[in-house]
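Asker: Just a sequence and a predicted model for now, questions to come.
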Amino acid sequence: MRGTAERNTALSIAGFDPSGGAGILADVKTFTLMGVYGMAVQAALTAQNTVGVLSVGPRPARRIKDELDALISDIRPDAVKTGMLYSAGAVSAAADAVKEHGLVNLVIDPVMISSSGKRLLKRDAQDALTGGLLPLALVVMPNVAEAEALSGIEIKNIEDAEEAARIIRRLGPKNVLIKGGHMPAGGGGGGHAVDLLFDGENFTRFSARRIEKELHGAGCVYSAAVTAGLAKGLTVPGAVRAAKKFISNAIRNARPAGHGRVPIV
Ligand code: PXL
């Protein structure tokens with residue numbers, strides 16, 4: 001069912017960060033800034049601010065699925081992203097919704113640990129993510145630590161990242177985008193943050209000048225921006241290029257809001 005929507009629509013299934021720098025508030029702000037109608041279902045709750053995550057509150061899988069069903073039966077998203085899912089139940093609810101409603105353009109940000117060091121995906125939920133959700137993805141976009149966890153290899157440079165991308169693609173996603181923002185110095189990027197896209201045949205590198213700021217929610221905003229591009233009908237490389245431009249600008253203009261890391265939307 002295409003529905004009656006006359007707008008490009010995007011859905012975020014992710015955690016709730018009350019500070020608005022990460023999670024679904026950041027996602028929906030990004031959708032809006034990119035001209036896409038934004039929607040969100042809360043996969044988990046957090047007590048946090050720009051300094052750190054104090055605690056995580058899981059949400060019942062049944063509720064998450066009910067909320068997804070109610071929403072999607074009315075407004076069909078042109079693209080969907082998942083962020084912090086936390087529990088295996090939330091991962092399954094998202095995967096079931098994608099399958100049952102035949103959703104396309106799924107972007108997975110495999111959020112595992114916060115910038116401040118708090119675990120945002122339970123250990124048993126990682127198996128659900130790799131086995132149940134990754135095979136449904138059009139794009140999975142891990143940072144270096146997440147790519148190491150998903151591939152089981154250590155990433156020290158861009159060649160390691162290529163090998164990790166090959167391994168992760170065997171888990172089922174159509175495209176793997178490894179974000180080089182945290183690549184160790186000397187990892188091949190120099191003064192640039194180089195992201196690596198693998199579509200199963202070709203590697204494409206996306207480079208932007210590295211900006212030294214301690215950021216809050218950059219990964220959320222980046223994956224939301226890719227999702228918005230896909231919702232607007234861009235190709236995967238086109239959506240990544242547009243998102244990289246958007247986030248580079250947002251990082252350059254970012255100003256502190258609290259006492260800790262700098263939010264960018
Ligand atoms: O940036 C990872 C992330 C994603 N989603 C939520 C978060 C965080 C980091 O704190 O709180 C909800």
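Answerer: Great, that's in hand.

Asker: Find the nearest non-adjacent residue to the residue positioned nearest the centre of the chain, please.
Answerer: The residue lying closest to the centre of the chain (Cα atoms, centre = their mean) is Asp109, at 2.7 Å. In space, and not counting its chain neighbours, Asp109 is closest to Ser223: 3.8 Å by Cβ to Cβ, 6 or more residues apart in numbering. No exception for glycine: its C-beta is placed from N, CA and C like everyone else's.

Asker: Can you name the residues of the stretch 101-250 of the chain sitting close to the ligand?
Answerer: Within reach of the ligand by Cβ under 6 Å from any ligand atom, the stretch 101-250 of the chain has these residues: Val111, Ser114, Ser115, Leu120, Gly217, Gly219, Cys220.

Asker: Throw those residues into a markdown table and include neighbour count, pLDDT and secondary structure, thanks.
Answerer: What follows is these, written out as a markdown table (neighbours: other Cβ atoms under 10 Å; pLDDT from 0 to 100; DSSP: H, G, I helix; E, B strand; the rest coil):
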| residue | neighbour count | pLDDT | secondary structure |
| --- | --- | --- | --- |
| Val111 | 26 | 97 | coil |
| Ser114 | 22 | 83 | coil |
| Ser115 | 19 | 75 | coil |
| Leu120 | 21 | 95 | coil |
| Gly217 | 29 | 94 | coil |
| Gly219 | 25 | 95 | helix |
| Cys220 | 30 | 97 | helix |
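
Asker: wait, which of those is closest to Gln48?
Answerer: If you rank these by distance to Gln48 using Cβ to Cβ, Ser114 comes first, at 7.8 Å.

Asker: got the phi/psi numbers for Asn143?
Answerer: Asn143 has phi and psi values of phi -80, psi -180 when expressed as degrees, to the nearest 10.

Asker: Could you tell me how far it is located from Leu196?
Answerer: Here Asn143 is placed at a distance of 12 Å from Leu196 (Cβ to Cβ, to the nearest Å).

Asker: tell me what the longest strand seen in the chain is packed against?
Answerer: In the chain, ranked by residue count with DSSP state E as the criterion, the top strand is strand 37-48. Identification of packing neighbours for strand 37-48 by 3 or more Cβ pairs under 8 Å, 6 or more residues apart in numbering; DSSP states H and E yields strand 9-16, helix 23-33, strand 53-58, helix 61-72, helix 88-100.

Asker: quick one, it and helix 23-33 angle?
Answerer: Here strand 37-48 runs at an angle of 150 degrees relative to helix 23-33 (axes from the mean of the first three to the mean of the last three Cα atoms, to 10 degrees).

Asker: so, in contact with the ligand or not, strand 37-48?
Answerer: Yes - applying Cβ under 6 Å from any ligand atom, one finds that strand 37-48 is in contact with the ligand at Thr46, Gln48.

Asker: Quick one: residues contacting Gly35.
Answerer: Counting by Cβ atoms under 8 Å, 6 or more residues apart in numbering, Gly35 touches Asn8, Ala228, Lys232.

Asker: Glu154 now?
Answerer: Contacts were defined as Cβ under 8 Å, 6+ apart; by that measure Glu154 touches Glu148, Asp160.

Asker: secondary structure class for it?
Answerer: Here Glu154 is recorded as coil under DSSP: H, G, I helix; E, B strand; the rest coil.

Asker: Also Arg7?
Answerer: Under the three-state scheme (three-state DSSP), Arg7 adopts coil.
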